[in-house]
Every structure is written in structure tokens, then in C-alpha cells.
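Peer 1: Quick one, fold the following:
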Amino acid sequence: MPAWLIPKDNQHNLEATIRRSIEVGINHIETARGYGTSEMQLGKILPKFSRDQLIVQTKVSPKPDPKEFRRQFEQSLKFLNLDYVDLLGVHGINTPQLLQDSIRPGGCMDVARQLQAQGKVRFIGFSTHGATDVIIKTIETDQFDYVNLHWYYINQFNWAAIEAATRHDMGVFIISPSDKGGMLYKPPQRLVELCKPLSPMVFNDLFCLSHPQVHTLSLGASRPSDFDEHLKAVELLDQVDEILPPIVARLEAAAIARLGEDWFKTWHIGLPSHEETPGGVNIPVILWLRNLAIAYDMVEYAKMRYNLLTNAGHWFPGAKANQVRKINLQACLHQSPHADTIPTLLEDADQRLGGATVKRLSQQ
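Peer 2: Purely as a prediction, here's the structure:
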């Protein structure tokens, strides 16, 4: 929307949030060309600070036409009102095709390198919601300085990608650990009890940062006071070896008590990807969300994510299980030790979690 339509209260809140961020030593500001008016609004604030005080990151999606990638980046720089960004992320390398669009000769990465040579970009990375194997392949091109990916307590599937990033001396930035990591700003009471004496948010922050391979967490602050809970984690970093193990053990015991030990330890083995499944049903994600709903009462979070399926493209791919009775899953589940029970569990997941379609923020 044009700048004059942005409500003044929203702009004042953003400036207060950025000022509070800098006051407490948080100076990495992350946005993207696809995040609505974010860059435009930041462009009214960032020039008020000393440039060497900030680490500014924006992201531009890969394009088949690299000229469009350049045009969108130049628009980002103009909106941000900056001469350069510290970090440019190729936004959403989620599929092999998007990887190819990025790294092929004459593609988006060539443009990014040109921008770097012109002093408009300092470091180049990529963000991803893709499968772990796609992330690893992207890392192993050895063309990127850092990666933005999903990894936190409830979703540790991308650890192999983090290990690959470590081997390639890349920065590791965790996407949305407080929202996609469980909507931890409004956790269910069961999770609150299991994480004591920490809040679920502080526990998750410490869990991520206790791994030295992880460097940066995005906080998603929407008001100045949102930093306060995260700052508690910083004060406890030197105590993680004492604080975390009892909480992790309690969370695992609670999950086993509700899900059963065999299922808890083996549910993920031999599951097909959505591309390998009739109807595109995303079996691993659906079973994972069902586990969270049952083990930790994370029903609201599981419903939000479940109902995003079928509607988020390559950002959260695959279909729901609402048609699973009409599909024969026997062949694609032949490597799973739970092949006989999974169709029934998928039906159960749809009954528990099915509801109105959810859209990604950029689609709203």
C-alpha cells in the first residue's frame, strides 16, 4: 500500500520497538521484499541510527528472470532508505527448481554477486522452508554465507542441515522459533507446567542457543515489551547445562506417557514425502502435528499449521488427510513399522485438527 495509508500508530509502534531493540543490544533487523510494508516502514526509522550500529537483512525470492530479482532488490534498498544491506537472503529456496533458478550461470546468485561487488550487499545467504535434503544441497553448493531455516525443540528435523552449514562455516539463523516453534507467546497450560521454572519461550530460546552451531534467533517482536521475555534467556546462557536437561527429560516423559514409547521413538521411520504419497498427503507433517496436539495439548498450534496445508505452495507443501479413506497408502508406507495403523491415525488427525483454511501472512 502507499506510505500515506500506513496507520500512524503502527509506525510509532514499530519505531518504539526498534529503539527498544537497539537499547538492549539487539541490532539485527530482518525483513523481506514480500513482507507487506515492512521495508517501507523501516526506511523511515533506520536512517535515524548510526549505520555501523545495525545489521540489516532483507530477502528477495529467486526468479526465473534474474533482471526481476535485481529490480526487486533495488526496490528493497530504496524502501529501506539505505545505501547497502549487510545481509541479502535469497528468499525461499524450497525446491530443486528454485535452487536451480538461484545458482545457474546467469541466475540470481550472479546478480547477488554483482550487487556485492558494487557495495550494495555485504554477505549473501538463503532462507528456506524446504526439505532437509534440498537445504543440504543448497549449502553444499558452497555459494552462501548463511542460512535461515526452521529448527527448535518441537521440530529438530533440520539438524543435518545445520551440521552441513557448520562444515561450510555458514551462519545459522533460526526462523520464527517463538511462533512457528509453537506459538509460545500463548502456550497451553500443559506446556507451561512441563517447562517450569522457565517459560516455554525462554526454554526454547535456551534450547536453540545451547547448541553452538546456532548463531541467531529471530524474535518476531511486535511491541517494545516483547523483548523482555527473550532477554531472560540471555541471562541464563551460562547455566544451560544445569537448567535444560531436567526440562527436556520431563517433556520426553510426558510425550511417551501419552503417545507410547514405541511410537514416540519410531513414528518418523520410513515415512514417504508428500511427493511420494497418493493425493500429496503430507504424512510426516500431519503425524508430527498430531503428536504435538496429544503430547503437549498444542491443539491451537497444530490446527493452525494443519489447515495451512494445501494452501501454502512450496512454503508448506502437501495436502491434508481429509480424503485419506479414498487413498491406498499401502505401497508408500511399506518402509514404516507403523504402516497398518497410520491410515487410521491420519483420519484421527484430520478429525482433531481439520477446520477453516489458513493462509500464509504474505497471502492475507
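Peer 1: use CA for all of it now, contacts and neighbours both
Peer 2: Fine.
Peer 1: how about the strands in the stretch 101-250 of the chain?
Peer 2: Listed from the start of the chain, the stretch 101-250 of the chain has strands (DSSP state E, counting those that start in this stretch) covering 121-127, 146-149, 171-174, 216-217.
Peer 1: now these in a markdown table, with distance to Tyr185?
Peer 2: Compiled in a markdown table, the strands of the stretch 101-250 of the chain are given as follows (distance: least, C-alpha to C-alpha, whole Å):
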| stretch | distance to Tyr185 |
| --- | --- |
| strand 121-127 | 23 |
| strand 146-149 | 20 |
| strand 171-174 | 17 |
| strand 216-217 | 15 |
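Peer 1: ok, and which of those strands has the densest surroundings?
Peer 2: Per residue and on average, the most neighbours among the strands of the stretch 101-250 of the chain fall to strand 146-149, with a mean of 24 (mean count of other C-alpha atoms under 10 Å).
Peer 1: Pairing partners for it, with directions?
Peer 2: Here strand 146-149 has these sheet partners by DSSP bridges: strand 121-127 (parallel), strand 171-174 (parallel).
Peer 1: Out of those strands, flag the one nearest Lys320.
Peer 2: Ranking the strands paired with strand 146-149 by distance to Lys320, with C-alpha to C-alpha as the measure, places strand 121-127 first at 24.8 Å.
Peer 1: ok, and for the biggest helix by length in the chain, which residues are buried?
Peer 2: Under DSSP state H, the helix in the chain containing the largest number of residues is helix 240-259. Taking 16 or more other C-alpha atoms under 10 Å as the neighbour-count basis, helix 240-259 is seen to contain the buried residues Ile243, Leu244, Ile247, Val248, Leu251, Ala253, Ala254, Ala255, Ile256, Leu259.
Peer 1: Which two among these are spaced furthest apart?
Peer 2: By the measure C-alpha to C-alpha, the buried residues of helix 240-259 have their two most distant members at Ile243 and Leu259, which lie 25.2 Å apart.
Peer 1: Now Leu98: closest residue in space that isn't a chain neighbour?
Peer 2: Counting by C-alpha to C-alpha, 6 or more residues apart in numbering, Leu98 lies nearest to Pro62, which is 6.4 Å off, once chain neighbours are set aside.
Peer 1: I'd say Ala254 and Asp297 touch.
Peer 2: No. Here Ala254 lies out of contact with Asp297, judged by C-alpha atoms under 8 Å, at a distance of 10.9 Å.
Peer 1: Mutual contacts of the two, please.
Peer 2: Common contacts of Ala254 and Asp297, defined by C-alpha atoms under 8 Å, 6 or more residues apart in numbering, are absent altogether.
Peer 1: Show me the shaky parts of this protein.
Peer 2: Low-confidence segments of the chain, defined by pLDDT under 70, are located at 356-364.
Peer 1: I'd like to know which of the strands paired with strand 146-149 is closest to Asn13.
Peer 2: Across those, Asn13 has its closest neighbour in strand 171-174 (24.5 Å, C-alpha to C-alpha).
Peer 1: List every C-alpha atom in the closest one, with coordinates, as CSV.
Peer 2: Listed in CSV are the C-alpha atoms of strand 171-174, where the atom choice follows Å, rounded to 0.1, in the frame of the first residue of the first chain:
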residue,chain,number,x,y,z
GLY,A,171,26.0,-18.5,9.9
VAL,A,172,22.8,-20.3,11.1
PHE,A,173,19.7,-18.1,11.7
ILE,A,174,16.6,-19.8,13.2
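Peer 1: now the helices for the stretch 251-364 of the chain?
Peer 2: With helices called from DSSP state H, counting those that start in this stretch, the stretch 251-364 of the chain shows them at 261-266, 283-296, 299-306, 342-353.
Peer 1: Export those as CSV, with columns for distance to His168 and mean neighbour count.
Peer 2: Converted to CSV, these look like this (distance: least, C-alpha to C-alpha, whole Å; neighbours: other C-alpha atoms under 10 Å):
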stretch, distance to His168, mean neighbour count
helix 261-266, 30, 13
helix 283-296, 28, 20
helix 299-306, 32, 22
helix 342-353, 38, 18
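Peer 1: need those helices in JSON lines with distance to Leu219, can you?
Peer 2: As requested, the helices of the stretch 251-364 of the chain are exported to JSON lines (distance: least, C-alpha to C-alpha, whole Å):
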{"stretch": "helix 261-266", "distance to Leu219": "29"}
{"stretch": "helix 283-296", "distance to Leu219": "22"}
{"stretch": "helix 299-306", "distance to Leu219": "18"}
{"stretch": "helix 342-353", "distance to Leu219": "27"}
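Peer 1: do you know which of those lies nearest Phe203?
Peer 2: helix 283-296 (14.6 Å).
Peer 1: so what does that closest one touch, helix or strand wise?
Peer 2: Using 3 or more C-alpha pairs under 8 Å, 6 or more residues apart in numbering; DSSP states H and E as the contact test, the elements touching helix 283-296 are helix 240-259, helix 299-306, helix 342-353.
Peer 1: Please state the offset of that helix from the chain centre?
Peer 2: Taking C-alpha atoms, centre = their mean, to the nearest Å, one finds helix 283-296 lying 17 Å from the centre of the chain it belongs to.
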